[in-house]
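Asker: build me a model from this:
(2 chains)
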Amino acid sequence: MSARDRILAKLKAAPNLPKPEPDVAAWFAGHRPVENTAEKVARFRKHIEFAHAEFHAVTPATWLAKLREVLAARQIDKLLVAEGTPHGTAALDELPRLGVECPTYDLPIEAWKTEMFRDTPAGLTAARAAIAETGTLILWPDTKEPRLMSLVPPVHIVLLDSTRIYNTFYEATQAEGWKDNLPTNALLISGPSKTADIQVTLAYGAHGPKELIVLLMGDEQ
Amino acid sequence: MNAQPIHFKPSEGFRARSKAVVDNPFLRQSFRGAMDFLMTKRAGLFPDPEELESLRTLGEQIRQYNLGKLPELLVRLEENLTKNGIQVHWAETPDEANEIILGICKKHSAKLMVKGKSMVSEEIELNHAAEAAGIGALESDMGEYIVQLAGEKPSHIIMPAIHKTKEEIAKLFHDNVPGVEYTDNVDALIQIGRKVLREKFLEADIGLSGVNFAVAETGTLCLVENEGNGRMCTTSPPVHIAITGIEKIVEKLEHVPPLLSLLTRSATGQNISTYFNMISSPRKAGEKDGPGEVHLVLLDNGRSQAYADEQLRKTLQCIRCGACMNHCPVYTRIGGHAYGTTYPGPIGKIVSPHMLGLEATAGLTTASSLCGACGEVCPVKIPIPELLIRLREEAFSEPHAAPAMRGQGAGHNGLTSSIWRAWGAIYGSPTLYRGFSWLASRFRWLTPRRQAGWTSVRTPIQPAPKRLRDLIKERN
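Answerer: Numbers count the residues shown, from 1 in each chain, chains lettered A, B, ... in the order given. Purely as a prediction, here's the structure:
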């Protein structure tokens, strides 16, 4: 008998004690507010700023200028972007002529891992959605914006559409039917990397990005 | 470099190890300060008692519902993971788990494995087994990295290096990391760790991680963390191996949000951790990063023993938040190392006997004042005090033929049993009790001045010169 069979046999020999299924939907309906976009933006911002992320409200007309400003403030002249995404294409059109080098993630990581780890100061990705309750960005990395783009560069800049904020994580998974279409890697990101492992003293930039900058895309105002 | 495996009985020497910590004001201050901090942070995140109570009830229901279907869910998890391209392995014992993991390492001629925080990997002593097999196993969680550099074991399941001061860590880095000047600035220390470990993420052949929740219906492994090392270990190396206990399973994705909220708020007083990482497959065609191979090792190691008993099964509800140790007056005073087990504190006392047998852990079940704090804060309502009483019964009752636990009766002692039996007889009979108390007060001068463990830190006890019964008689 294999270890698998032995373990399952032991568990099946134990008393069968079925328990009623919990009503998760009812709990959320009774305990979490459903807010409008402005309220969700405010709540999202409050939480993610508390977690030490930088937040800027932008519009389709202003976001590139804000992006340049964010980079300039840190004297960063190199930004990893995703080719083939609207924001990546826009950045590629605009930034190189202003002196910001824009490498793209066009090869498998094996071909340029060392460069990614040692010589990529910042990355730009979009967020799929966000969660107001906890100030959380939802990323579903894909072939255009792979997983390491939001992890290895010390500065991570994220574009978020203000209409894509859910009240709760539960609502996001339900509304988008996650259980039937989860990607290779789904990520919730709620601030820059941090640790309190030394004497419970909070320090940022443990292993992931030291800085997280959210550009919240809203309507022209 | 790695700590020696536990070949000793954790119960033995428990008192001596505890006393060493109690006598050390620096260690006591470390634990007291950190536990106060964590308790305050947790309380701040649960401002509404009704919300807390109803969410704990929901958490308990979710865990009990899923444990009720455990064998079925494990099979379903395996099916869905396999369908997604994740390879599933089963291990009954720590040795089997190590063999599986090192086998995968050898297949890939791996030289270096970077590890995200995993208490199950501590439970199986993986670092030691890897070292013996000539494979480097490097901890990458900052706390775990510090503890490994010092050749120690974690003293807390969430905050592994909580027993160390920043000055000690400064010295440790200065002595062990080439080219590092002494600094006790916490930011600078973290940046030193970051720099060293980034190079390792770059070169590692294998990434190892634990699992916080495994979702059966989707075939998904979920990881909770703040540092990003968990994401590094599961994304950068070409192979990812995850290891988890068989109990960490939920049937549905909708079970995850409530448990995640309970976990991070109870553990560190955070609304949510910085990262929540959900992995459902290895790298797919066209994807440019992520491991090409993902493995999951499912470990039993005594969990099926707890599962077999309705009351003991509740032990498996645990989501490993550590709130019970943060609130435990015993843990706060003696720290994690005194227990001698991988999992310290209240949860350690109820889970370790299943892993190591009561032969090795009988004494630990008595290291509690049964104040009830652990049960009160448990986010999934594990009745820890009740389970401690049950384990004491299992450990100290007379050995019998069909025990519920390995090592039942290991703490049994004929003399102690006779004394308690006599005590029971005296207190069960008014006549005997009257006679006994008369003798006790008459011959109180015979009570010894030194009374075993009692008088090591307390004044001796002595029967009163007059019994309550006599005092009442005098009043009338």
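Asker: B:V211: how many residues sit nearby?
Answerer: Using other CB atoms under 10 Å in any protein chain shown, B:V211 has 22 neighbouring residues. In this view, the C-beta of every residue, glycine as well, is placed from N, C-alpha and C.
Asker: make that B:L471, sorry
Answerer: Neighbour tally, B:L471, other CB under 10 Å: 10.
Asker: ok, now which ones touch the residue of chain A found nearest chain B?
Answerer: Chain B sits closest to A:G208 of chain A, with a gap of 2.6 Å, by CB to the nearest CB. By CB atoms under 8 Å, 6 or more residues apart in numbering or on different chains, the residues touching A:G208 are A:L151, A:H156, A:P192, A:S193, B:E227, B:G228, B:R231, B:M232, B:T274, B:Y275.
Asker: the residue lying closest to the third one once chain neighbours are set aside: what secondary structure?
Answerer: If the residues on either side of it in the chain are set aside, A:P192 comes closest to A:L212, at 4.4 Å by CB to CB, 6 or more residues apart in numbering or on different chains. On the three-state scheme (DSSP: H, G, I helix; E, B strand; the rest coil), A:L212 is labelled strand.
Asker: can you tell if the helix or strand containing A:A9 touches chain B?
Answerer: Secondary structure assigned from DSSP states H and E places A:A9 in helix A:3-13. Yes - contact of helix A:3-13 with chain B is found when judged by CB under 8 Å from any CB of the partner chain, involving A:A3, A:R4, A:R6, A:I7, A:L8, A:K10, A:L11, A:K12, A:A13.
Asker: now the buried members of those residues.
Answerer: For the residues of helix A:3-13 next to chain B, a burial check counting by 16 or more other CB atoms under 10 Å in any protein chain shown picks out A:A3, A:R4, A:I7, A:L8, A:K10, A:L11.
Asker: show me the shaky parts of the chain.
Answerer: Just going to use chain A. Where chain A drops to pLDDT under 70, the residues are A:220-221.
Asker: my question was about chain B, not that one.
Answerer: B:1-8.
Asker: can you rerun that using 90?
Answerer: Along chain B, the model assigns pLDDT under 90 to residues B:1-13, B:416, B:451-454, B:456-457, B:469, B:476.
Asker: pick out the residue closest to the middle of it.
Answerer: B:Y343 (2.7 Å; CA atoms, centre = their mean).
Asker: SS state for that one?
Answerer: Under three-state DSSP, B:Y343 comes out as coil.
Asker: how close does the spatially closest residue to it that is not a sequence neighbour sit to chain A?
Answerer: The spatially closest residue to B:Y343, leaving aside those adjacent along the chain, is B:V351, at 5.5 Å (CB to CB, 6+ apart). Using CB to the nearest CB, to the nearest Å, B:V351 is found at 17 Å from chain A.
Asker: wasn't B:V351 part of a strand?
Answerer: No - assignment of B:V351 by three-state DSSP gives helix, placing it outside any strand.
Asker: what's the neighbour count on it?
Answerer: 26.
Asker: got the contact list for it?
Answerer: B:V351 neighbours (CB under 8 Å, 6+ apart): B:A306, B:T315, B:C318, B:Y343.
Asker: now do the strands in chain A.
Answerer: Counting by DSSP state E, residue ranges of the strands within chain A are A:54-58, A:122-126, A:129-131, A:136-139, A:155-161, A:165-166, A:185-189, A:194-195, A:203-204, A:211-217.
Asker: these into JSON lines, with extra columns for mean neighbour count?
Answerer: Shown next, in JSON lines, are the strands of chain A (neighbours: other CB atoms under 10 Å in any protein chain shown):
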{"stretch": "strand A:54-58", "mean neighbour count": "17"}
{"stretch": "strand A:122-126", "mean neighbour count": "25"}
{"stretch": "strand A:129-131", "mean neighbour count": "24"}
{"stretch": "strand A:136-139", "mean neighbour count": "26"}
{"stretch": "strand A:155-161", "mean neighbour count": "23"}
{"stretch": "strand A:165-166", "mean neighbour count": "24"}
{"stretch": "strand A:185-189", "mean neighbour count": "25"}
{"stretch": "strand A:194-195", "mean neighbour count": "25"}
{"stretch": "strand A:203-204", "mean neighbour count": "21"}
{"stretch": "strand A:211-217", "mean neighbour count": "23"}
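Asker: identify the residues contacting A:Y170.
Answerer: A:V24, A:F28, A:R32, B:E254, B:P257, B:P258.
Asker: tell me the two of those that are most distant?
Answerer: The two members of these with the most space between them (CB to CB) are A:R32 and B:E254, at 13.8 Å.
Asker: of these two, who's got more company?
Answerer: B:E254 (20 against 15).
Asker: so what's the more buried one closest to, chain neighbours aside?
Answerer: Counting by CB to CB, 6+ apart, the residue nearest B:E254 is A:V24, at 4.8 Å.
Asker: B:Y182 versus the residue nearest to the centre of chain B, what's the distance?
Answerer: Applying CB to CB, to the nearest Å, the value for B:Y343 to B:Y182 is 34 Å.
Asker: before we move on, what about A:W178?
Answerer: Distance of A:W178 to B:Y182, given as CB to CB: 49 Å.
Asker: ok, now A:W63?
Answerer: In this view, A:W63 and B:Y182 are 45 Å apart by CB to CB.
Asker: those two: who's more crowded?
Answerer: The residue with more neighbours, out of A:W63 and B:Y182, is A:W63; 20 against 10, by other CB under 10 Å.
Asker: does that one really touch A:L159, like I thought?
Answerer: Yes - counting by CB atoms under 8 Å, A:W63 touches A:L159, with 7.0 Å between them.
Asker: quick one: common contacting residues for the two?
Answerer: Common neighbours of A:W63 and A:L159 (CB under 8 Å, 6+ apart) are A:H87, A:L215, A:M217.
Asker: may I see these arranged in a markdown table, with distance to B:G116 as well?
Answerer: Putting these into a markdown table (distance: CB to CB, whole Å) gives the following:
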| residue | distance to B:G116 |
| --- | --- |
| A:H87 | 31 |
| A:L215 | 30 |
| A:M217 | 33 |
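Asker: so which of the residues of helix A:3-13 next to chain B comes closest to A:R97?
Answerer: For the residues of helix A:3-13 next to chain B, the nearest to A:R97 is A:R4 (60.0 Å; CB to CB).
Asker: please list all residues in contact with the residue lying closest to the closest one once chain neighbours are set aside.
Answerer: Of all residues not flanking A:R4 in the chain, B:W90 sits nearest, at 3.9 Å (CB to CB, 6+ apart). Residues counted as contacts of B:W90 (CB under 8 Å, 6+ apart) are A:S2, A:A3, A:R4, A:I7, B:V297, B:L298, B:D300.
Asker: find the closest residue to chain A in the stretch 151-300 of chain B.
Answerer: B:G228 (2.6 Å).
Asker: I figured that residue hits B:Y275, correct?
Answerer: Yes - judged on CB under 8 Å, B:G228 makes contact with B:Y275 at a distance of 6.3 Å.
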